[in-house]
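# sequence first, predicted model second:
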Amino acid sequence: MSVDATPRNLHYGVFYGLTPLPQDKPLLLVHGNCQAESLRVLLQGCYPDAVTTARLVPAHEMTADDVPHLRRLLACASLLVTQPIVKSYRGLPIGTADLHEAAPQLTNCVVPVLRWAGLHPTQAIVRSSEGEPPLVPYHDLRTVLEAATGRRTRIRLAAARTLREMSLAALRERTNRHGALVVDDLLARRGERTVHVVNHPTNAVLTGVAGRIGERLALGAPRAFDPGRVLLGSVVAPIEEAAAAVNDLAPDTDDTWVVHGECVPSERIREAHLAWYSRHPRGLDDALARHASALHILESAA
């Protein structure tokens, strides 16, 4: 199935057959969402003599028309790295089990979704039919409680510690459930900023994960590689005092986010989100239901 040579399609040139597929080394595919592409960049850079890689359309952007292109590459590949994606994801055969069934000959490695709330214990992701709140797509559980009760809750040291342990336990549970690569120690390192926001690890963490993938897939010794940019740094949230204390870090003195290069005060985000909850009560209900346990911890420690 041919596609037009649009700028977007050329960006995924090998995937769509617009760019020749290199044939000199085993093909390694990394399937998932934003974290997957960052891992692909690092695997290509760290193991250039062992493998070649191809940029895949992120799973959440794939359509039925993309499935034949994905299967064509699976037939050419030797190695597959994938995040845990449910079978028949969005009605398409692009889940982890679907890919393993379509290409059982591939040596594969499953990497857990790298989500770590230890540094931002009140930050949360909510999948809602109402979409996402403005400015940043991350909910603050204190603001969720404020919208629901009219009262603003502080994050206490005990709550930050408990929520850190809850996030670590959730990551380990996901790892065990999917038989995935163990990486929780990389995210939970004390004294290091390991994430920019809950689902965007730093380059150092991503490089560590890529190294463990290389070990699992027997790719040999990695080269030192600098991608020349922050791979998942489009949004950076401040680390507040309680979270900094339980992670042996110095807190940020400026309570400001950096969003696509723009400094955005936390208070501006809070006001915008409160207004959004007022207009989208279903979105507020979804946040209350999805993060009920964490919200209870926040309220109990207040």
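Alright, I've got the coordinates. Numbers count the residues shown, from 1 in each chain.

# how about the helices in the stretch 51-200 of the chain?
67-76, 96-102, 141-149, 157-178, 184-187 (DSSP state H, counting those that start in this stretch).

# for the last one, buried residues please.
In this case it means helix 184-187. D184, L186, L187 (16 or more other CB atoms under 10 Å). C-beta: built from backbone N, CA, C; applies to glycine.

# same question, stretch 104-121
Buried residues in stretch 104-121, counting neighbours by 16+ other CB under 10 Å, are found at 106, 108-121.

# tell me the centre residue of the protein?
Centroid-nearest residue in the chain, with CA atoms, centre = their mean: N199, separated by 3.9 Å.

# who's in contact with L274?
Residues in contact with L274, defined by CB atoms under 8 Å, 6 or more residues apart in numbering, are T143, E146, A147.

# and it, backbone torsions?
phi -60, psi -40 (degrees, to the nearest 10).

# one more: L27?
Per-residue torsions, L27: phi -90, psi 130 (degrees, to the nearest 10).

# return the distance of the spatially closest residue to it that is not a sequence neighbour relative to P68.
Spatial nearest neighbour of L27, chain neighbours left out: A77 (4.4 Å); criterion: CB to CB, 6 or more residues apart in numbering. Distance of A77 to P68, computed by CB to CB, to the nearest Å: 15 Å.

# between those two, tell me which one has more neighbours.
A direct count of neighbours by other CB atoms under 10 Å for A77 and P68 places A77 higher, at 23 against 11.

# surely that one touches A103?
Yes - contact criterion CB atoms under 8 Å: A77 and A103 qualify, at 6.9 Å.

# can you classify F15 as helix, strand or coil?
What DSSP: H, G, I helix; E, B strand; the rest coil gives for F15 is coil.

# and it, how many neighbours?
21.

# and T253, how far from H196?
Separation of T253 from H196 (CB to CB): 18 Å.

# the spatially closest residue to D255 that is not a sequence neighbour: how many residues sit nearby?
Nearest residue to D255, sequence neighbours excluded (CB to CB, 6+ apart): S266, at 4.6 Å. By the criterion of other CB under 10 Å, S266 has 17 neighbours.

# what does the model give S266 for pLDDT?
Here, the pLDDT recorded for S266 equals 97.

# and for A302?
For A302, the pLDDT comes out at 63.

# among the contacts of L274, who's most crowded?
T143 (24 neighbours).

# pretty sure it contacts R270?
Yes - counting by CB under 8 Å, T143 sits close enough to R270 to count as a contact (5.3 Å).

# and V183, what is it in contact with?
V183 touches V111, P112, L114, T175, V205, G208, V209, R212, counting by CB under 8 Å, 6+ apart.

# now, which of those residues sits nearest G233?
Taking CB to CB as the measure, G233 lies nearest V205 of the contacts of V183, at 12.2 Å.

# list the contacts of the closest one.
L114, V183, L186, L187, T194, V195.

# number of nearby residues for L217?
As a burial measure, L217 scores 21 neighbours (other CB under 10 Å).

# what separation do you get for it and I94?
In terms of CB to CB, L217 sits 21 Å off from I94.

# equivalent analysis for A158, please.
42 Å.

# out of the two, which sits in the busier spot?
Between A158 and I94, counting by other CB under 10 Å, I94 is the more crowded of the two (26 against 13).

# ramachandran coordinates for that one?
phi -130, psi 10.

# hmm, it is touching P68, no?
No - counting by CB under 8 Å, I94 does not reach P68; the two are 11.7 Å apart.

# and for those two, which residues touch both?
By CB under 8 Å, 6+ apart, no residue touches both I94 and P68.

# who's in contact with the residue nearest to L27?
By CB under 8 Å, 6+ apart, the residues touching A77 are P26, L27, L28, L29, A103, L106.

# who does the helix or strand encompassing the third one pair up with?
Taking DSSP states H and E as the criterion, the element that holds L28 is strand 27-31. Under the criterion DSSP bridges, strand 27-31 sits next to strand 52-53 (parallel), strand 79-82 (parallel) in its sheet.

# quick one: which of those strands is nearest A59?
strand 79-82 (8.9 Å).

# ok now that closest one, how far from the chain's centre?
Distance of strand 79-82 from its chain centroid, counting by CA atoms, centre = their mean, to the nearest Å, is 17 Å.

# model confidence over that strand, on average?
98.

# who touches that strand?
Under the criterion CB under 8 Å, 6+ apart, residues 26-32, 36, 39-40, 43, 51, 74, 96, 99-100, 103, 106-111, 213, 217 lie in contact with strand 79-82.
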